[in-house]
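Participant: Sequence and predicted structure are below.
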6 protein chains.
Amino acid sequence: MLNKNIETFIACDKEYSEADFILWGAPFDSTTSFRPGTRFASSAIRHESFGIETYSPYLDKDMENDLMAFDAGDLELVFGESEKVLTQVEIMTAEIAKDGKIPVMIGGEHSLSSAPIKALLKKYPDLQIIHFDAHTDLREDYLGNKWSHASVIKRCWDMLGDGRINSFGIRSGMKEEFEWAKEHINLHKFNFLGLEGTVTALEDKPVYFTLDLDILDPSVFPGTGTPEAGGVSFEELRQAVLLLKDLNVVGLDVMELSPHYDQSGASTAVACKIIREILLTLKNKPSSLNIK
Amino acid sequence: MLNKNIETFIACDKEYSEADFILWGAPFDSTTSFRPGTRFASSAIRHESFGIETYSPYLDKDMENDLMAFDAGDLELVFGESEKVLTQVEIMTAEIAKDGKIPVMIGGEHSLSSAPIKALLKKYPDLQIIHFDAHTDLREDYLGNKWSHASVIKRCWDMLGDGRINSFGIRSGMKEEFEWAKEHINLHKFNFLGLEGTVTALEDKPVYFTLDLDILDPSVFPGTGTPEAGGVSFEELRQAVLLLKDLNVVGLDVMELSPHYDQSGASTAVACKIIREILLTLKNKPSSLNIK
Amino acid sequence: MLNKNIETFIACDKEYSEADFILWGAPFDSTTSFRPGTRFASSAIRHESFGIETYSPYLDKDMENDLMAFDAGDLELVFGESEKVLTQVEIMTAEIAKDGKIPVMIGGEHSLSSAPIKALLKKYPDLQIIHFDAHTDLREDYLGNKWSHASVIKRCWDMLGDGRINSFGIRSGMKEEFEWAKEHINLHKFNFLGLEGTVTALEDKPVYFTLDLDILDPSVFPGTGTPEAGGVSFEELRQAVLLLKDLNVVGLDVMELSPHYDQSGASTAVACKIIREILLTLKNKPSSLNIK
Amino acid sequence: MLNKNIETFIACDKEYSEADFILWGAPFDSTTSFRPGTRFASSAIRHESFGIETYSPYLDKDMENDLMAFDAGDLELVFGESEKVLTQVEIMTAEIAKDGKIPVMIGGEHSLSSAPIKALLKKYPDLQIIHFDAHTDLREDYLGNKWSHASVIKRCWDMLGDGRINSFGIRSGMKEEFEWAKEHINLHKFNFLGLEGTVTALEDKPVYFTLDLDILDPSVFPGTGTPEAGGVSFEELRQAVLLLKDLNVVGLDVMELSPHYDQSGASTAVACKIIREILLTLKNKPSSLNIK
Amino acid sequence: MLNKNIETFIACDKEYSEADFILWGAPFDSTTSFRPGTRFASSAIRHESFGIETYSPYLDKDMENDLMAFDAGDLELVFGESEKVLTQVEIMTAEIAKDGKIPVMIGGEHSLSSAPIKALLKKYPDLQIIHFDAHTDLREDYLGNKWSHASVIKRCWDMLGDGRINSFGIRSGMKEEFEWAKEHINLHKFNFLGLEGTVTALEDKPVYFTLDLDILDPSVFPGTGTPEAGGVSFEELRQAVLLLKDLNVVGLDVMELSPHYDQSGASTAVACKIIREILLTLKNKPSSLNIK
Amino acid sequence: MLNKNIETFIACDKEYSEADFILWGAPFDSTTSFRPGTRFASSAIRHESFGIETYSPYLDKDMENDLMAFDAGDLELVFGESEKVLTQVEIMTAEIAKDGKIPVMIGGEHSLSSAPIKALLKKYPDLQIIHFDAHTDLREDYLGNKWSHASVIKRCWDMLGDGRINSFGIRSGMKEEFEWAKEHINLHKFNFLGLEGTVTALEDKPVYFTLDLDILDPSVFPGTGTPEAGGVSFEELRQAVLLLKDLNVVGLDVMELSPHYDQSGASTAVACKIIREILLTLKNKPSSLNIK
């Protein structure tokens, strides 16, 4: 007797009850202003993940042995209904957090990140954000839409307030956004300068890590809606991820792959590999976190 | 002294005041459920229209001499805000209709068609719809979203009621939609059988013509979000358009080209050519229409 | 508590025990002589099947209600090892046939078809073949390789002998193959002329139906390794499938989609739709077959 | 000891001295007004020709046994220098004609066709032209350039005068071109209606056959610079070619494939197959022609 | 009443009379020897420029407030007529220079650069050239064509003579070109070493800046006709541009994007961003230049 | 009288008898586990090589004058028959080596490399291997197939034993492979650290150089079956090749380009340029080698 076809991100096939990390896909791109397509990311990442190995020669760890992860597949999200979708994602995250596990969202457009942050903030009132991105994402709204992916960090600030958002790699935005950031968040332009200090400052706090993959240079990662020249290399990103290893990361997301824009598949492969490195780098259980 | 760069659909460069047809682009695809990309259609159509001639050897008419048309460019529509966008389109259409001109929307996703129909219904209470499409578009909602492109004809029915919508070429939908259609609209499956009779029946009534280009077979028109095998040929569509020549068409749209899915450009060229044929076929002025 | 991610061809999510049709993917293309890539077909078909509806307006049947089907996912086949792979497929088919169900293989290269035929021939010694294809596939070997996809029908003949293979739509091959065919199989060139007679002749016999999708014209189906101009239309293929409705089909396959060669996705959509039409057309249970 | 790598169109590997047909590539596209790329055609056709068979089941002839053809490779043509290039092609053609062989040019843009016609007109003063195309190509000049590919048939008329050019399949052009054609050439719109009569009328005259592949519908042949909807099918073209079998064709060309615009390769495969059918259809030797 | 559709490079929508920089597109690629397609660059750059912001976080300047620029659209250039085209470009440039504004040409193939240089040389007899490129472009002719894009710097030298051309980043050419360069121009291989000294030496002279974008590594900029491995990074190019800030640049061009070869759009985005950085870096008015 | 069309890698058109380097293509990819397509590499490399120059400004050498090379074209290899194919390649290599020339294989999948190594080991029993790659390629077998491209270095070790294989750039593999490597081969992770020492140690020994191009970062070289982020740059690879200049290289290969996955052509251009640099760097004649 045969079994139904199960598809997961590579080696994320443990049982839910025993897993530390719970991945799910969030195929949604309705507010994307320039070029849509991130809806295809989670499925492509899951499928192409079998092109990489489970073992990291950087970390000398293997997903098969050193990681307990579970992939719940894609949420069914209604295109064109931002608020409904954000609620769905928030409920999903809350459920996972309640079970003592770490939620890992694979986007999808960046606007979705405010939903798991909203859910986790209830559990961790002192939640801090580490944000890797090419773009400020600090618009109050985009042509009147406050749920746009260009506004997501502003929406997070609405919830967290000053001084708790730490952005790195930012190389594009309106002048007003950069001005506003000076007063309200810790925005680091162009690269990861300052990340070590940030990690030290946050080491006993609960942290949400949101990774907009367009922080990477378009040469490394052309598969994204808004390619922005002058980004970091894969190696720079990998080493920045490594710096996060002692943080108490209670949730994370990896957003904004738009796989159809890179028909070589290299962008998807980059996404798969950085997800592997993140999962193998982070501490496994929120229950073991040193959160004061 | 140089002039600013003006770009229009080929030969749609008359002055607004003297034009009969007013074209505009509606770059919006936020509710598209399968593959987005129709937002790029109006710009691609405008740009690639210079690959066709202004003269139709089928009709022996030339857009330069036999047509007064004006291209207003693209509306700036907010992604992810269906209701706001529909209002924008409705206002645009109403303004054009008020000036005694025929609105021609180049989409964009099909959900937008309910907006010009809403505007024109105020001017023409007896408005009838001719609808060419592969899909029924008769869902009450799609996962709760009643403004989905899968619901647009149902939204039109909400406004018009029974017997005033005439669909042709339909080859995909839920069983329930086909069942419902039997009672409420004139749905013709697979091809244009019955179009001549419909035209005769509508000849003294105001008609809105909505063309979802995916009525064409994917071999002819692969550049669309939901390719559905078994459609009509270009020649069949062209001849069906010709049948509309004596109707009092008071507004029209051409929707659902997703140009990036056909990198040969053939789908965009098909869209350009059918727009030319439509414009050269239809009567030029609503003011000269025989509407009882 | 969340569930693991299950992915099936649309509506093929019934339980194995209650299903009549058992689908599986056979991602293998190692002998493909011109352009490989059919290994990606089964996964693409499964994924893109959600772009079509479960309801067929042609047949007025719905996969949700009128079909019991199960999708076992992809076999893990070793590239470059034809004989090992054929054995795997043969075992899979035998198991399904033993359970009284109809095996449905989604290829993959055409060479694989000899394996389910070998398995079913043991159960049905009077097995007949209906073969839709652009190519004869009658080479004794291809550069010495007798398991090449150019030899698959010859391999079937090795097992079945004269008069039991009925090929349709053939428009390419070596002169020697066409000559040989005259003596040994029922080869119909270019189209489906003669299919009605064949169906009548086979109506009380067990039949294996092997569909090489390149029978379709490349305009309809460019996503294949060896595009061969002059093929049948989708509508011609659909009507040919309809003619099979009274046959006792005990196994079938749908082969040779190479999805990457058609980046519009139209070829994959064609494959999905024809699979739906085949499944809804055929009798559901071999146990109910009129096999003498 | 190894041999240098020789590449020819399939089965066009006979010795020059014994060959009847001499093929060469003309990679030039400098005047192409819309989208260039036909420069890549001859090389792509040569390379992809190994995807078709040497045997035609339509004609029951095989290039290996029933044809003596030779492929000289590509001419080295200087981009941007139309007049120099036309002279090169003219000299090439004259040399081949002098050797009693039939020149077969694989383009490249259509403007080149005037060069072999010029060369052959010297040998055959009564030369007639059969021209298959989507476009009139009758502009006196294109923005002042009289060697544009939009002017090639006008350039031929400059040499031949009234009544000797027979165009078929024309579905695009300026109104003035269609008007002018009525007085000067035999222009048949849209399809091959009238070809039989033309063939009868020309049967004892030397004929040059120029085939612009964009006569095919873009669904069949998207790989061209100016896709023009509404063309003929492959089967219609194949049957039209068959009608030419009794003509005294003294030279021919197959132009305007732009292979990069069709990444499926189907357009190139269509070009290869129609070239095979043409070569196997035509009489082999000008020396055996019934030219009065 | 609606307005005609105006399209410009982002924020280059000031009035001509008040603008300092006048952009125009030069869609021409007829002499391109390897792969054409730069004709599509100016239109793609204009269209995709809305994917970047008007604000530069590198320079802390905003195109909206800190720049007066005007986009005149594309010149209509005749394919295949180099000399006519060069004259058109020369006249365009002379007109702009006469009005005291800085001409900015967006190519198109590099051969065009000799035309604005010819025009500006009349106004600024001491004109110097700074040339960023992968290729020497110093051939006397290419297969007899002296207006080839492989000869453009040699054509400039014909007008300027020794010591006034400063090339950087050169990593490809014939041996003879590199030898010749040693005597006649200042050629810097591979990178920007020596650029600071060159800027110092030229600081009170009128300078034309010609940027062949293929100086960038193909990983950053695959969208070009002749990808040449081993180029500079975006960051290296950006910093090189910054070094030009004190020069008296009286004209410039940005050439050789071939957008279709990079379907991710990243190459076009790179071109847009470097144009923004150049415009915001350079002094605004030739009338304010310190030219001795 | 015309000549048959000869196509070679640029400037590899010397006579066989006088050539030092003998290139041939090995179009085979049947065991490729993830994405096939390397079969198209040798033909693409040969064709696109005309986009680079014969002169290297890095080495100040020119292939026209400083190199004697011959291109034998592609071997005809049977897909799906690894052992047969390996024998063909071994015989080819042995013949070339017997003639005192250096075999240069252009792949094709990496599994083929064991064949020339087997042939050369008979001539040079002390043969050493320098191996540049992203992947360990040390699996004993892949799903039972010991001739898989994931096993090629293990197959080489079967013949050579411990300490004679020197791998560089390795960044992917199973944990077991990395463990095994510690005892048996000299595996250098991630980059070329240690290459200088290796070269010194091998300087009087016969060396086979096998280059899997996926050692390059996917940003530089997306055209490969298994893109693996974090690779070396073109410049790093070029400098590593330069280090090999004093070695006694008796055979080499350049493998794993899969050109269709990079439609920009940049990957193919990279392959062409590195082949040029390798050929111009290495000593020309094994007969002049200092092999002890």
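Facilitator: That came through, no problem. Numbers count the residues shown, from 1 in each chain, chains lettered A, B, ... in the order given.
Participant: which one is the most centrally placed residue in chain A nearest to, not counting chain neighbours?
Facilitator: In chain A, the residue lying closest to the centroid (C-alpha atoms, centre = their mean) is A:Asp253, at 2.2 Å. Distances taken as C-beta to C-beta, 6 or more residues apart in numbering or on different chains place A:Met105 nearest to A:Asp253, at 3.9 Å, with adjacent residues excluded. To be clear about C-beta, it is placed using only N, CA and C from the backbone, and glycine gets the same treatment.
Participant: Looks like the one you found contacts A:Ala119 (just checking).
Facilitator: No: in this structure A:Met105 lies outside contact range of A:Ala119 using C-beta atoms under 8 Å: 10.7 Å.
Participant: On the three-state scheme, A:Thr198 is what?
Facilitator: helix (DSSP: H, G, I helix; E, B strand; the rest coil).
Participant: wait, doesn't it sit right on A:Ile130?
Facilitator: Yes: at 7.0 Å, A:Thr198 counts as touching A:Ile130 under the criterion of C-beta under 8 Å.
Participant: Determine the residues that are contacts of both of those two.
Facilitator: A:Asn166 (C-beta atoms under 8 Å, 6 or more residues apart in numbering or on different chains).
Participant: Tell me how far A:Gly37 lies from F:Ile106.
Facilitator: In this view, A:Gly37 and F:Ile106 are 35 Å apart by C-beta to C-beta, to the nearest Å.
Participant: which residues sit in contact with A:Lys98?
Facilitator: A:Lys123.
Participant: again, 10 Å this time
Facilitator: Listed by C-beta atoms under 10 Å, 6 or more residues apart in numbering or on different chains, the contact partners of A:Lys98 are A:119, A:123.
Participant: What pLDDT is listed against it?
Facilitator: On pLDDT, A:Lys98 comes in at 96.
Participant: how near is A:Asp71 to C:Ala26?
Facilitator: 24 Å.
Participant: I misspoke; the intended subject was A:Ile91.
Facilitator: Relative to C:Ala26, and taking C-beta to C-beta, A:Ile91 is found at 39 Å.
Participant: cool, A:Val89 as well?
Facilitator: From A:Val89 over to C:Ala26 (counting by C-beta to C-beta), the distance is 37 Å.
Participant: Tell me where chain A has helices.
Facilitator: Along chain A, the segments classed as helices by DSSP state H run A:41-48, A:63-66, A:82-98, A:114-123, A:152-160, A:175-184, A:195-201, A:234-243, A:266-281.
Participant: what about the fourth one, near chain C?
Facilitator: To tie it back to what came earlier, the one meant is helix A:114-123. No: Helix A:114-123 does not reach chain C (C-beta under 10 Å from any C-beta of the partner chain); its nearest approach is 14.8 Å.
Participant: relative orientation of that helix and helix A:152-160 in degrees?
Facilitator: Orientation of helix A:114-123 against helix A:152-160 (axes from the mean of the first three to the mean of the last three C-alpha atoms, to 10 degrees) gives an angle of 20 degrees.
Participant: For A:Thr8, give me its contacts.
Facilitator: A:14, A:23, A:46, A:49, A:69-73, C:4-5, C:7.
Participant: Go again with 7 Å.
Facilitator: By C-beta atoms under 7 Å, 6 or more residues apart in numbering or on different chains, the contact list for A:Thr8 reads A:46, A:71, C:4-5.
Participant: who's in contact with A:His110?
Facilitator: Contacts of A:His110 by C-beta under 7 Å, 6+ apart are A:137, A:149, A:152, A:212, A:255-256.
Participant: Tell me how far the residue lying closest to A:Thr198 once chain neighbours are set aside lies from A:Gly197.
Facilitator: Once flanking residues are discounted, A:Thr198 sits nearest to A:Asn166: 4.9 Å by C-beta to C-beta, 6+ apart. Note on A:Asn166: its distance to A:Gly197, by C-beta to C-beta, is 10 Å.
Participant: ok, the two, which is more surrounded?
Facilitator: A:Asn166 (22 against 12; other C-beta atoms under 10 Å in any protein chain shown).
Participant: Okay, and the beta partners of that one?
Facilitator: A:Ile130, A:Asn186 (DSSP bridges).
Participant: how near is it to A:Ser148?
Facilitator: A:Asn166 is 22 Å from A:Ser148, by C-beta to C-beta.
Participant: same deal with A:Phe190?
Facilitator: 24 Å.
Participant: now swap in A:Ser111 and tell me
Facilitator: Taken as C-beta to C-beta, the span from A:Ser111 to A:Ser148 is 6 Å.
Participant: between these two, what contacts are shared?
Facilitator: A:Thr31.
Participant: what residues are up against the residue lying closest to A:Arg238 once chain neighbours are set aside?
Facilitator: Nearest non-adjacent residue to A:Arg238, counting by C-beta to C-beta, 6+ apart: A:Glu277, 5.8 Å away. Contacts for A:Glu277 were tallied using C-beta under 7 Å, 6+ apart; they are A:56, A:58, A:238, A:241.
Participant: confidence score at the residue in the stretch 101-250 of chain A that chain C sits nearest to?
Facilitator: In the stretch 101-250 of chain A, the residue that lies nearest chain C is A:Lys101 (9.8 Å; C-beta to the nearest C-beta). We note a pLDDT of 96 for A:Lys101 in this prediction.
Participant: That one is in contact with A:Asp20, isn't it?
Facilitator: Yes: under the criterion of C-beta atoms under 7 Å, A:Lys101 makes contact with A:Asp20 at 6.0 Å.
Participant: of the two, who's got more company?
Facilitator: Neighbour count, other C-beta under 10 Å: between A:Lys101 and A:Asp20, A:Lys101 has more, with 26 against 21.
Participant: what's the closest non-adjacent residue to the more buried one?
Facilitator: A:Ile22 (4.9 Å).
Participant: Point me to the residue of the stretch 51-200 of chain A nearest chain B.
Facilitator: A:Gly80 (3.7 Å).
Participant: What's the local residue count around the closest residue to A:Cys272 other than its chain neighbours?
Facilitator: The shortest distance from A:Cys272 to any non-neighbouring residue, by C-beta to C-beta, 6+ apart, is to A:Ser49 (4.5 Å). Number of residues near A:Ser49 (other C-beta under 10 Å) recorded here: 24.
Participant: and what of A:Thr200?
Facilitator: A:Thr200: 10 neighbours (other C-beta under 10 Å).
Participant: Just the pLDDT at it, thanks.
Facilitator: Reported pLDDT for A:Thr200: 96.
Participant: what's the distance between A:Tyr58 and chain F?
Facilitator: 8 Å (C-beta to the nearest C-beta, to the nearest Å).
Participant: Just the endpoints, please. Distance across stretch A:53-71?
Facilitator: Stretch A:53-71 stretches 17 Å from its first residue to its last (C-alpha to C-alpha, to the nearest Å).
Participant: Touching it from outside, list them.
Facilitator: Under the criterion C-beta under 7 Å, 6+ apart, residues A:8-12, A:14, A:16, A:18-23, A:46, A:238, A:276-277, A:279-281, A:284, C:5, F:171-175, F:178, F:189 lie in contact with stretch A:53-71.
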